[in-house]
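Visitor: The following block contains a protein sequence and its predicted model.
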Amino acid sequence: MGTTSFRMTVVGCSGSYPGPDSPASCYLVQAEHAGRTWSLVVDLGNGALGALQRYVDPLEVDAVLLSHLHADHCVDMTSYYVLRKYHPHGTQPQIPVWGPSNTDVRLAHAYDLPINTGMREEFEFHVFDAPFVVGPFEIEPYSVDHPVEAYGMRISADTDEHGRRTLAYSGDTGVTPALLDIAHEADLFLCEASFRDGDDNPPSLHLTGAECGEAAAKSRVKRLVITHIPPWHDAQRMLTESLGTFDGPTELAVQGAVYAI
């Protein structure tokens with residue numbers, strides 16, 4: 001039996017820090033399977049936990065996937081820890097959290113917790129080192145090009161109506177061959193574009209809109225959604241750049257938008 005209503009909700013899409021219209025990075029991936037809704041939270045950046053509560057009860061999240069440990073992708077895990085630890089409904093079960101090496105230590109430091117206990121009663125920590133399964137979802141992590149250990153990922157599920165479907169997520173990355181593996185023929189490619197083409201951009205950090213579109217074209221994706229644009233840039237410019245290198249369906253991520261996969 002497959003899944004129904006495989007979808008992704010943009011909880012936060014602002015790049016590098018929260019903007020006036022969106023929290024920092026956070027995406028809610030859901031599907032109906034085996035009589036219930038399964039929910040993955042992909043990244044939980046500044047301000048995202050507040051917005052997440054519009055779309056799902058945080059106590060019903062099945063797993064969290066952290067692409068890397070920069071604050072705009074993980075810092076609201078400190079608030080999520082408080083919610084799960086002190087909720088008046090009582091002790092909450094551990095939920096799995098996947099991330100880079102030492103995610104547990106980094107989050108303990110972020111909340112000034114003792115390293116030997118940290119958040120391990122609330123979260124079961126795993127490292128991105130191989131494909132894994134959560135409910136109906138198969139997740140394949142890929143190392144990408146960023147100043148810290150960072151990952152993009154493919155999230156796939158077998159659906160009743162359309163067969164196997166895939167959401168690809170670039171995470172934060174510079175140009176790297178791994179992008180083509182992540183995005184290969186994906187039904188939806190959620191790709192960052194934080195830099196403007198023509199600027200003196202540092203290497204191994206982020207993509208331009210043109211580079212985002214080029215990766216989508218080479219990977220033959222069916223749909224491109226551009227995300228992680230810092231508030232100091234004009235998002236329409238990123239969109240225009242990407243349309244110059246990819247002629248498929250393309251749009252800007254918007255906080256609250258829901259995409260069928």
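Guide: Great, that's in hand. Numbering: from 1, shown residues only.
Visitor: Which parts of the protein are strands?
Guide: Taking DSSP state E as the test, the strands found in the chain are 4-12, 26-33, 36-42, 63-65, 95-99, 123-127, 132-134, 137-143, 151-159, 163-169, 188-192, 224-227, 250-252, 258-260.
Visitor: where does the stretch 151-261 of the chain have low pLDDT?
Guide: The stretch 151-261 of the chain contains no residues with pLDDT under 70.
Visitor: Now do the helices in it.
Guide: For the stretch 151-261 of the chain, the helices defined by DSSP state H, counting those that start in this stretch cover 178-183, 209-219, 235-243.
Visitor: Give me the residues contacting the longest one.
Guide: By CB atoms under 8 Å, 6 or more residues apart in numbering, the list of residues contacting helix 209-219 from outside reads 168, 170, 175, 179-180, 182-186, 189, 191-193, 196-197, 207, 224, 226, 237-248, 250. C-betas here are computed from N, CA, C, even on glycine.
Visitor: what's the distance between residue 100 and residue 75?
Guide: To residue 75, residue 100 is 15 Å away according to CB to CB, to the nearest Å.
Visitor: Quick check, central residue of this structure?
Guide: residue 42 (3.8 Å; CA atoms, centre = their mean).
Visitor: Distance check, that residue against residue 241.
Guide: 24 Å.
Visitor: got it, and residue 178?
Guide: 21 Å.
Visitor: who has more neighbours, those two?
Guide: Taking other CB atoms under 10 Å, residue 178 and residue 241 do not tie; residue 241 has more neighbours (24 against 17).
Visitor: tell me the contacts of the more buried one?
Guide: Per CB under 8 Å, 6+ apart, neighbours of residue 241: 193, 196-197, 208-210, 212-213.
Visitor: same thing with residue 257?
Guide: By CB under 8 Å, 6+ apart, the neighbours of residue 257 are 9-10.
Visitor: swap in residue 4?
Guide: When the contact criterion is CB under 8 Å, 6+ apart, the partners of residue 4 are 31-33, 159-161.
Visitor: Quick check: residue 185 touching residue 223?
Guide: No - using CB atoms under 8 Å, residue 185 is not in contact with residue 223; the gap is 11.4 Å.
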